[in-house]
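Asks: Here is my input; please provide its structure:
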Amino acid sequence: MECASRVPRYSWCDFAFSVAGVGTFLFDWGSDAWAAAELYGRGELSWSGLLLACMLLGSVVVQTFSWFWFQYDRDLDPDQHLGQGFHVKLSCLLHVLQLGFFCR
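Replies: This is a model prediction of the structure:
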């Protein structure tokens, strides 16, 4: 009974915003990659490189924030089973691969 009270409950609105947010993120990445490829194909190497650098920088900032948030949550509740051992290594790997915030 004690564990059941710790499980967060989410509404359909939360779910809809999560799906919309992930969809928007993926659309943004796809359109930026397409634009960079178009610029590269036209010989605009500097603009293509600048666009890719901005994409990478933004992604690194988001993943760093997500990693620190994960660490803060783990320190806040050390008994949490997802914050130990294999799960920490898996979360670190996902953040390095720029996929960490999908697990949030």
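Asks: now stretch 18-36: mean pLDDT?
Replies: Stretch 18-36 shows an average pLDDT of 89 in the prediction.
Asks: buried set for that stretch?
Replies: In terms of neighbour count (16 or more other Cβ atoms under 10 Å), stretch 18-36 has its buried residues at Ala36. C-beta here means a position set from N, CA and C on the backbone, and glycine is covered the same way.
Asks: what about Tyr72, how many residues close to it?
Replies: Using other Cβ atoms under 10 Å, Tyr72 has 9 neighbouring residues.
Asks: Could you look up the SS state of it?
Replies: helix (DSSP: H, G, I helix; E, B strand; the rest coil).
Asks: Report pLDDT for it.
Replies: In the predicted model, Tyr72 carries a pLDDT score of 79.
Asks: which residues touch it?
Replies: Listed by Cβ atoms under 8 Å, 6 or more residues apart in numbering, the contact set of Tyr72 is empty.
Asks: quick one: low-confidence ranges for the protein?
Replies: Within the chain, the segments meeting pLDDT under 70 span 1-8, 77-87, 101-104.
Asks: which stretches of it form helices?
Replies: Secondary structure of the chain (DSSP state H): helices located at 2-6, 12-41, 45-76, 86-96.
Asks: Specify the angle between the second one and helix 45-76 in degrees.
Replies: Spelled out, it's helix 12-41. Here the directions of helix 12-41 and helix 45-76 differ by 150 degrees (axes from the mean of the first three to the mean of the last three Cα atoms, to 10 degrees).
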